[in-house]
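S.K.: Coordinates only, no sequence provided:
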């Protein structure tokens, strides 16, 4: 992997057309569209918020947090937001699943938190569970979901460095 420096951020070139770069506030709208499409693709996921509320939410974490974007041909196809030692969000647009974008984003998180991090996902999200386990994350806690907004059973993973 070669690093490519660009004005205002460092981008990692992945193959010929996948780039990982730090999000800017003006990326929030397009990032929110990825977030919304990802959530809408999950059959079990309840619709608790309007798209406008989700746009505000994503704008908030892009503005205050450490958010990374996966771009393919200048289109945002995925995002990862790190808050402290927690991978708070990792979403890839459903049209780009299994394209390497999620793996590249998770690799970026690992490089940014080499001492380890944690994340939560829903127990019903079989695809996410397989993804995280394939990438070395270990399930360490299972809950009934009473502490999340959706009230869905969830689970906590940790990634310890090798």
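M.R.: Looks like it came in fine. As the structure is a prediction and not an experimental result, all values here were calculated from the model.

S.K.: what sits up against the biggest strand by length in the chain?
M.R.: When every strand of the chain is counted residue by residue (DSSP state E), the longest turns out to be strand 75-83. For strand 75-83, contacts defined as C-beta atoms under 8 Å, 6 or more residues apart in numbering pick out 23, 27, 30-31, 33-35, 61-62, 65-71, 87-93, 95-96, 99, 101-102, 105-106, 108-109, 112-113, 117. (C-beta placed from N, C-alpha, C; glycine too.)

S.K.: can you map out the helices along this structure?
M.R.: Here the chain has its helices, by DSSP state H, at 28-40, 51-64, 101-112, 126-134.

S.K.: For those, give me CSV that also has mean pLDDT, distance to residue 147 and mean neighbour count.
M.R.: Compiled in CSV, these are given as follows (pLDDT from 0 to 100; distance: least, C-beta to C-beta, whole Å; neighbours: other C-beta atoms under 10 Å):
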stretch, mean pLDDT, distance to residue 147, mean neighbour count
helix 28-40, 97, 19, 19
helix 51-64, 96, 18, 15
helix 101-112, 98, 23, 19
helix 126-134, 97, 18, 15
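
S.K.: Save those helices as CSV, and put in distance to residue 142 too.
M.R.: Formatted as CSV, the helices of the chain follow (distance: least, C-beta to C-beta, whole Å):
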stretch, distance to residue 142
helix 28-40, 22
helix 51-64, 25
helix 101-112, 21
helix 126-134, 11
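
S.K.: any weak-confidence spans in the chain?
M.R.: Across the chain, residues meeting the criterion (pLDDT under 70) sit at 1-16, 162.

S.K.: Name the residues of stretch 69-83 that are buried.
M.R.: Residues of stretch 69-83 classed as buried: 69-72, 76-82 (neighbour count, 16 or more other C-beta atoms under 10 Å).

S.K.: and it, how far out from the chain's middle?
M.R.: 8 Å (C-alpha atoms, centre = their mean, to the nearest Å).
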